[in-house]
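[1] Fold the following and give me the result.
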Amino acid sequence: MKKLFFVSAICFAVSLVSCKSEPKTDAAAAGTETAAAAADASAATDPAAAAATPATDPAAAEQTVDPDMPKTTVQFAELEYDFGKVKAGEMVTHEYKFKNTGKEPLIISSAKGSCGCTVPEYPKEPIAPGASAAIKVQFDSKGKSGKQTKTVTLQANTDPNPTRLTIKGDVEGDPNAAAAAPAVQVQPAAK
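    Numbers count the residues shown, from 1 in each chain. Okay, here's the model as predicted:
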């Protein structure tokens with residue numbers, strides 16, 4: 001009888017502890033949702049906050065194309081652009097023009113640069129069969145030097161998918177940066 005009472009008491013205590021921990025979890029989740037809502041509201045009014053705020057919806061961050069969506073084809077005027085030589089700190093912008101050569105509307109679900117210095121802008125609306133459009137890619141050479149090769153990966157309802165665009169060139173270092181640095185003097189060894 002004492003064992004039954006002891007087991008019942010333990011079960012009752014465990015149920016109390018688990019019931020008490022659930023509201024804390026819900027409160028924590030509500031706090032997370034509140035923080036996410038506040039971040040979204042801040043991003044809507046402040047473009048700088050929008051750039052600094054990570055996506056709260058994992059599906060939005062990693063958009064892919066529905067495999068059951070009708071496929072189309074696309075033809076780019078060029079898949080690679082060489083911007084030549086630029087000075088460190090300059091911005092380079094290039095438009096990759098393309099045409100929907102298929103029979104279905106072209107839907108680009110995402111365009112992602114290989115690093116934060118390469119930012120693509122792509123059409124969000126469907127491109128009708130036979131219509132043309134462009135993807136604008138901006139490369140920021142700040143903090144870069146030497147030969148650079150960056151890519152933009154497009155996810156779309158195309159066959160094949162994905163499509164990769166390349167932007168490359170040579171970033172020349174700032175000659176004043178080396179002159180502004182203090183010269184290091186080497187002291188002769190004492191005899």
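
[2] which residues of this structure fall in strands?
    74-76, 80-87, 91-100, 108-113, 118-121, 132-140, 146-156, 163-172 (DSSP state E).

[3] Is residue 136 in contact with residue 91, as I believe?
    No. If you go by CB atoms under 8 Å, residue 136 and residue 91 don't touch, sitting 11.8 Å apart. Using the backbone N, CA and C atoms, a C-beta is placed for each residue, glycine as well.

[4] returning to that earlier point: the strands of the chain into a markdown table, with extra columns for mean neighbour count and mean pLDDT?
    Output for the strands of the chain, formatted as a markdown table (neighbours: other CB atoms under 10 Å; pLDDT from 0 to 100):
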| stretch | mean neighbour count | mean pLDDT |
| --- | --- | --- |
| strand 74-76 | 16 | 97 |
| strand 80-87 | 14 | 96 |
| strand 91-100 | 17 | 97 |
| strand 108-113 | 19 | 96 |
| strand 118-121 | 17 | 96 |
| strand 132-140 | 18 | 97 |
| strand 146-156 | 17 | 97 |
| strand 163-172 | 18 | 96 |
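
[5] how deep is residue 127 tucked in, by neighbour count?
    When counting by other CB atoms under 10 Å, one arrives at 20 neighbours for residue 127.

[6] Let me see the contact set for it.
    Going by CB atoms under 8 Å, 6 or more residues apart in numbering, residue 127 touches 100, 105-108, 133.

[7] same deal with residue 132?
    For residue 132, the contact set (CB under 8 Å, 6+ apart) comprises 97-100.

[8] Out of those, name the two that are farthest from one another.
    Within these, 97 and 100 form the most distant pair, 11.9 Å apart (CB to CB).

[9] Give me the common contacts of the two.
    Both residue 97 and residue 100 are contacted by 132-133, under the criterion CB under 8 Å, 6+ apart.

[10] quick one: residue 135 and residue 110 touch, right?
    No. If you go by CB under 8 Å, residue 135 and residue 110 don't touch, sitting 11.4 Å apart.

[11] okay, and the common contacts of the two?
    Common neighbours of residue 135 and residue 110 (CB under 8 Å, 6+ apart) are residue 154.
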